[in-house]
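Colleague: no sequence for this one, just the structure:
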């Protein structure tokens, strides 16, 4: 029986799945390890590594979707498939959503690799112009954390 089937997924497995994407080039709307992904594609790929098929198909989206469409599609999708948690309680292997400006929807996601409470907390993410990286979370980014989630069954 797999960890996903038993309902328990070790955080080390989540982190290993995310780290396997490091070096994948940035490519908007893609989700293919080693070939290309964006931040959502990284999260989708880690989901597939942990659970198999994705729970729903991601709709097409433009680079400016958050500014153009309104609403909170990334948060709503996270609410459907991940377990909401308090940001202060986020632990390695949890998912962070970032809101770049007040009044705009959250539009960036990352996987936390160290506790947020430690100095120089770290995350794995993909962003335009860079390959997937594990990097520290600058204070300017930390202030923009809008939501935190746990993968179902994370232990």
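Modeller: Nice, I can see it. This one's a predicted model, so the numbers in the text were calculated from it and none came from an experiment.

Colleague: make sure residue 20 is actually in contact with residue 34.
Modeller: No - judged on C-beta atoms under 8 Å, residue 20 makes no contact with residue 34 at a distance of 9.0 Å. In this view, the C-beta of every residue, glycine as well, is placed from N, C-alpha and C.

Colleague: neighbour-wise, which of these two wins?
Modeller: residue 20 (16 against 11; other C-beta atoms under 10 Å).

Colleague: once you drop chain neighbours, what's closest to the more buried one?
Modeller: residue 33 (6.4 Å; C-beta to C-beta, 6 or more residues apart in numbering).

Colleague: could you pull up the mean pLDDT of stretch 127-144?
Modeller: On average, the pLDDT along stretch 127-144 is 95.

Colleague: now do the buried residues in stretch 134-147.
Modeller: The neighbour-count check on stretch 134-147 (16 or more other C-beta atoms under 10 Å) flags 134, 137, 141, 144, 145, 146, 147 as buried.

Colleague: quick one, phi/psi of the third one?
Modeller: Here the main-chain torsion angles of residue 141 (degrees, to the nearest 10) amount to phi -80, psi -40.

Colleague: and the residue nearest to it when sequence neighbours are not counted, how many neighbours?
Modeller: Leaving aside its sequence neighbours, residue 141 sits nearest to residue 98 (C-beta to C-beta, 6+ apart; 6.6 Å). Close neighbours of residue 98, defined as other C-beta under 10 Å, add up to 21.

Colleague: can you check the one 10 residues further on too?
Modeller: The local packing count at residue 108 equals 21, with neighbours defined by other C-beta under 10 Å.

Colleague: what does the model give it for pLDDT?
Modeller: Model confidence at residue 108 (pLDDT) stands at 96.

Colleague: who's it bridged to?
Modeller: With DSSP bridges as the criterion, residue 108 is bridged to residue 98.

Colleague: ok, it touching residue 95?
Modeller: No - contact criterion C-beta under 8 Å: residue 108 and residue 95 do not qualify, at 11.0 Å.

Colleague: returning to that earlier point: would you reformat the buried residues of stretch 134-147 as CSV and include distance to residue 88 and secondary structure?
Modeller: CSV is the format used below for the buried residues of stretch 134-147 (distance: C-beta to C-beta, whole Å; DSSP: H, G, I helix; E, B strand; the rest coil):
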residue, distance to residue 88, secondary structure
134, 22, strand
137, 14, coil
141, 16, helix
144, 15, coil
145, 10, strand
146, 13, strand
147, 12, strand
